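Undergrad: One predicted model, sequence on top.
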Amino acid sequence: MQRDPSLPRRRSIRLPLFDYSQPYSYFVTICSANKECIFGRVSGTDVVLSPLGRIVNDCWLEIPRHFPTVELVRHVVMPNHIHGILRIQLTEADGRRLAKQQDRARHAVPLRPVQPARDFASPTVGSIPTILGAFKGAASRRAASSLSFDRKQLWQRGYYERVIRTDKELGETSEYIRLNPSQWRLDSENPGVRAAKNA
């Protein structure tokens, strides 16, 4: 299966004035430092996680404990990156989740800009940048304490993200993540594929 061109993951398409704490689903990709294959290996159509990969997976699964408005839709830890879909839930004024999410059951959702534009120095509580920063930090600390992981950086700086606006897009992205291990032998993130292209 060819990679769906509607699912970019090689560059950020961050919307400059968009509030990433809004209740949408978000497709994210986070790479290891230097895209090293330190999280595990692909065997057939499955990923066999290393001890470090298991820490990354566990920290991902713990995100809703620290951010109760976040629902994990689907994810996969690959040898040198993680793909995931995070859904930020609507909440009542008292903090309770609403049953439906804003981007569900609509043909297309207008992306509302934040008003006013937020300063980069002021992270928004419960926003995608805050959530992913906390996840990366937790995995780094646990790797250092549990595995004596002495690398200066576990993660590549930043991440890639895309706002998912329709149910169709959500389904396609979820399927892309599900099939990602079976496509590893063709993936440009695979060092073997990169080496063959550069030969």
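TA: Yep, it's here.
Undergrad: For the rest of this, base every contact and every neighbour count on C-alpha atoms.
TA: Fine.
Undergrad: wait, what's in contact with T29?
TA: 9, 81-84, 159-161 (C-alpha atoms under 8 Å, 6 or more residues apart in numbering).
Undergrad: Relative to the strand or helix carrying it, what are the paired strands and their orientations?
TA: Element membership for T29 (DSSP states H and E) is strand 25-31. Note on strand 25-31: by DSSP bridges, its sheet partners are strand 81-88 (antiparallel), strand 160-164 (antiparallel).
Undergrad: Can you name the residues that contact V70?
TA: V70 sits next to 63-64, 86-89 when contact means C-alpha under 8 Å, 6+ apart.
Undergrad: how close does it get to S174?
TA: Plainly put, V70 is 16 Å away from S174 if you go by C-alpha to C-alpha, to the nearest Å.
Undergrad: what angle separates the helix or strand where A144 lies from strand 81-88?
TA: Taking DSSP H and E as the criterion, A144 maps to helix 128-147. Per axes from the mean of the first three to the mean of the last three C-alpha atoms, to 10 degrees, the angle that helix 128-147 makes with strand 81-88 is 130 degrees.
Undergrad: any idea of the mean pLDDT in helix 128-147?
TA: Over the span of helix 128-147, the pLDDT mean works out to 93.
Undergrad: and it, what other elements does it pack with?
TA: helix 51-61 (3 or more C-alpha pairs under 8 Å, 6 or more residues apart in numbering; DSSP states H and E).
Undergrad: any idea of the angle the helix it packs on forms with helix 128-147?
TA: On the basis of the same axes, to 10 degrees, helix 51-61 is oriented at 140 degrees to helix 128-147.
Undergrad: Pull the residues that contact the helix or strand following helix 51-61.
TA: Once the chain leaves helix 51-61, the next helix or strand it forms, by DSSP H and E, is helix 63-66. Contact with helix 63-66 is made by 70-72, 131, 135, as judged by C-alpha under 8 Å, 6+ apart.
Undergrad: Need the max-distance pair from these.
TA: Pairwise distances across these peak at 14.1 Å for E71 and F135 (criterion: C-alpha to C-alpha).
Undergrad: Please write out the alpha-carbon positions of stretch 30-44 in CSV.
TA: C-alpha atoms of stretch 30-44 as CSV (Å, rounded to 0.1, in the frame of the first residue of the first chain):
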residue,chain,number,x,y,z
ILE,A,30,7.1,12.5,17.2
CYS,A,31,10.6,11.2,16.1
SER,A,32,13.5,9.9,18.1
ALA,A,33,16.7,12.0,18.2
ASN,A,34,18.4,11.7,14.9
LYS,A,35,15.7,9.2,13.9
GLU,A,36,17.6,6.4,15.5
CYS,A,37,15.8,3.1,15.7
ILE,A,38,15.9,2.9,19.6
PHE,A,39,12.2,2.0,20.3
GLY,A,40,12.2,-1.5,18.8
ARG,A,41,12.1,-3.3,15.6
VAL,A,42,9.5,-4.5,13.1
SER,A,43,9.0,-8.2,12.7
GLY,A,44,6.6,-9.0,9.9
